[in-house]
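Sequence and predicted structure are below.
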Amino acid sequence: MKGDRIFLGALRALSGLSLALLLVFVGLLAHQAWPALRHSGLSFLSSSDWDPGSDGFGALALIYGTVVSSVLALVIAVPVSVAAALCLTEVFSKRVAWLVSFLIEMLAAIPSVVFGLWGIFVLAPFFRSGLQPFLSEKLSFLPLFSGPPLGVGMLTAGVVLAIMITPTLTALSREVFASIPRIQREAALALGATAWETISLSVLKSARSGLATAVILAWGRALGETMAVTMVIGNRPQIQASLFAPAQTLASVLANEYAEASGDLHLSALSAVGLALLLVSLLVHGLSRVLIKRGSAA
Amino acid sequence: MSRFRNPYRKWKSRVLLSLLGLGALAAVFPLVMILLHLVREGWSALNLAFFTETQKPVGELGGGMAHSILGTLGLVGLASGIGIPLGLASGVYLSEYGGTGQRSGERLAGWVRFALELFSSTPSILIGVFVYGLVVVPMKHFSLLAGALALALILIPLVARTSEELLRLVPGSLREAGLALGIPRWKVILHIVLGSARPAVLASLVLAVARIAGETAPLVFTSFGSPSFVKGITEPTSALPLQIYTYAISPFEEWHRMAWAGALLLVALVLILNAVMRVLSHGLGGGAHE
């Protein structure tokens, strides 16, 4: 049939465009990054000296900022999201669960820049005058909570990121819990387990590998998050023990410097940063795929 | 006889369940706080001038975000015009020719699926970097066209994935019935398959467009921003999220007020679209999403 052949041909061409664009994307990024990678060599990864003014292009501090801010976000968001998801599937009545998950979905729909705005004008001032002085007074022996309370910095970025990935993480964990057969819970209840014992014995135990996948997927999102982080992290490429100190991530340096790069080498170095960010998010994404495959094979 | 002989177990269960409840509360709390601040800070700056005037120079009171609203409409409109047909084509291709669990589809479909997945897991700022190299550098300046292309690149995998899922929900018997009547396959796909999934697909399209309307990162170095109305498709343009960013990181009080008002408008738009679609999709037989 002629019509069918034309139709399929058109679909192939239109869909194949994405594949072609992906190849161009990776090729272009690598091509742009090449001069800077040749200029800096291995020190691109090992040096934390990011100083475009004097051609110092070491991305270590940016990688550090990306990893620490996103891990911090996970540390905060994982317990909250898992608890919320457990409430949705195990504790709340259907109507309350619908309302709560509706609200969490609405949180997911809020644009990144609005989280940033709220972070700058509400969260950061609160951290500067409330939380950070409190933490450094009570926990001053920890280097994590030392230094001047600036408001903007790694801690604020981590908290904003945590809020942003909570909806994703809650939705994913909820799916994991919901997929556990009802009979498993009934078995625990029949043995006289309390509500909590049922959750910990028959829900949490079997959900472990599914939860690990959910965490990795949320981590991937946190790594690449740009606008909100750029607005609250302080944008200083440095490695500091204190969570109060300003930092910089791979994504936020792009947002800050790409449009106003000071020269060809700077632009190339920023492309190399983009390449590093792409590799990191692909690695994390690949890891989640491996976990999903292993989970469905078991 | 009490159900639990050991009261410790009962209390432990109660305490831990309340902790879980606190977790759920903590997950919802930021939403309430953000909405509260948005209304409190943004409401007062939402006046007529906000919708009719453009950015005033630093120091002058007043001004508005009309140029950003227009810019967002232009960017999102053009991005939808490019991204929705391409995304739908990919969704149809993957669901109808991409194979199922048992039957393997065309080899190209596997690669397309791979490419779309990589694009959707790529941080959106990198889409901006890509379009900068692809469009802005050759054209030698920032433009609405570049911004729209960046948004379209985010839209395509989004539309492709949801439409593929929705089309897969259409029972195979419907397709077979059409084919048995001698209707060509392309007509079966366009009229019967797409037709029966139409309400759910439309809802998912609205959600996808609402998603890209709030994107900032891919616009920072493609459409770049501008303090006045956009002059043409090849000129730089402001957009609501972009202007909120510019205003927010500025040191001027008056601009902060504008940022809050803009954010209130943006969030109201996005949330209303989302809420309406979620509630509607419960009633739509296709049952779009959870």
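Yep, that arrived.

rest of the way, CA atoms for contacts and neighbours
Noted.

all strands for the stretch 51-200 of chain A, in order.
Counting by DSSP state E, counting those that start in this stretch, the segments of the stretch 51-200 of chain A that form strands are A:56-57.

which residues touch B:G128?
By C-alpha atoms under 8 Å, 6 or more residues apart in numbering or on different chains, the residues touching B:G128 are B:A150, B:A217, B:P218, B:L219, B:V220, B:F221, B:T222.

Check A:D55 too.
Applying C-alpha under 8 Å, 6+ apart, the residues near A:D55 are A:L265, A:H266.

pLDDT score assigned to it?
Confidence at A:D55, expressed as pLDDT, is 86.

likewise A:R221?
Confidence per residue is given as pLDDT, and for A:R221 that number is 93.

just how off-centre is stretch B:196-208 within its chain?
Stretch B:196-208 sits 13 Å away from the centroid of its parent chain (C-alpha atoms, centre = their mean, to the nearest Å).

Do a quick rundown of the helices in chain A.
Counting by DSSP state H, one finds helices in chain A at the ranges A:2-40, A:43-46, A:60-86, A:94-109, A:112-118, A:124-126, A:132-138, A:154-178, A:182-190, A:195-198, A:205-224, A:227-232, A:250-257, A:264-297.

Which one of those helices has the poorest average confidence?
Mean pLDDT is lowest for helix A:132-138 out of the helices of chain A, coming in at a mean of 87.

quick one on the thing from earlier: most packed of the helices of chain A?
Mean neighbour counts were taken over the helices of chain A using mean count of other C-alpha atoms under 10 Å in any protein chain shown, and the top value, a mean of 28, falls to helix A:227-232.

if we can go back for a sec, now the contacts of B:G128 in CSV, please, with extra columns for pLDDT and distance to chain A.
Rendered in CSV, the data for the contacts of B:G128 read as follows (pLDDT from 0 to 100; distance: C-alpha to the nearest C-alpha, whole Å):
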residue, pLDDT, distance to chain A
B:A150, 97, 12
B:A217, 96, 6
B:P218, 95, 9
B:L219, 96, 10
B:V220, 94, 7
B:F221, 90, 5
B:T222, 95, 9
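
out of the helices of chain A, nearest to B:V92?
Counting by C-alpha to C-alpha, B:V92 lies closest to helix A:2-40 out of the helices of chain A; the figure is 7.8 Å.

So B:K56: helix, strand or coil?
Three-state assignment for B:K56 (DSSP: H, G, I helix; E, B strand; the rest coil): coil.

Kindly state the pLDDT recorded for it?
In this model, B:K56 carries a pLDDT of 86.

Which of the helices or strands spans the residue nearest the centre of chain B?
Nearest residue to the geometric centre of chain B (C-alpha atoms, centre = their mean): B:R211, 1.3 Å. Using DSSP states H and E, B:R211 sits in helix B:194-213.

ok, is the helix or strand just after that helix in contact with chain A or not?
Sequence-wise, the next helix or strand downstream of helix B:194-213 (DSSP H and E) is helix B:240-248. Yes: interface with chain A: helix B:240-248 contributes B:P241, B:I244, B:Y245, B:A248 (C-alpha under 8 Å from any C-alpha of the partner chain).

so what's the residue nearest to the centre of chain B scoring on pLDDT?
According to the model's per-residue confidence, B:R211 sits at a pLDDT of 94.

residue contacts, the closest residue to it other than its chain neighbours?
Nearest residue to B:R211 in three dimensions, chain neighbours excluded: A:A109, at 7.0 Å (C-alpha to C-alpha, 6 or more residues apart in numbering or on different chains). Going by C-alpha under 8 Å, 6+ apart, A:A109 touches B:R211, B:V270, B:L271, B:N274.

relative to helix B:240-248, how tilted is the helix or strand encompassing the third one?
Secondary structure from DSSP H and E places B:L271 in helix B:253-283. When axes from the mean of the first three to the mean of the last three C-alpha atoms, to 10 degrees is applied, the directions of helix B:253-283 and helix B:240-248 differ by 150 degrees.

How many residues are close by residue 123?
Defaulting to chain A. Here the neighbour count serves as a burial measure; for A:L123 (other C-alpha atoms under 10 Å in any protein chain shown) it reads 22.

meant chain B actually
For B:P123, the neighbour count with other C-alpha under 10 Å is 26.

tell me the phi and psi of it?
phi -50, psi 140 (degrees, to the nearest 10).

wouldn't it be in contact with A:A222 here?
No: here B:P123 lies out of contact with A:A222, judged by C-alpha atoms under 8 Å, at a distance of 9.4 Å.

Just give the nearest non-adjacent residue to A:A162, would you?
Going by C-alpha to C-alpha, 6+ apart, A:A162 has A:A73 as its nearest residue, at 4.2 Å.

Quick check: the gap between the residue positioned nearest the centre of chain A and B:I127.
Centre of chain A computed as the mean C-alpha position; nearest residue by C-alpha atoms, centre = their mean is A:A222, 1.0 Å away. If you measure A:A222 against B:I127 using C-alpha to C-alpha, to the nearest Å, the figure is 16 Å.

Dump the residues of helix B:240-248 next to chain A into TSV; add neighbour count and pLDDT as well.
Compiled in TSV, those are given as follows (neighbours: other C-alpha atoms under 10 Å in any protein chain shown; pLDDT from 0 to 100):
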residue	neighbour count	pLDDT
B:P241	28	97
B:I244	29	96
B:Y245	26	96
B:A248	25	95
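
CSV for these, including distance to A:P167?
As requested, the residues of helix B:240-248 next to chain A are arranged in CSV below (distance: C-alpha to C-alpha, whole Å):
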residue, distance to A:P167
B:P241, 21
B:I244, 23
B:Y245, 23
B:A248, 25
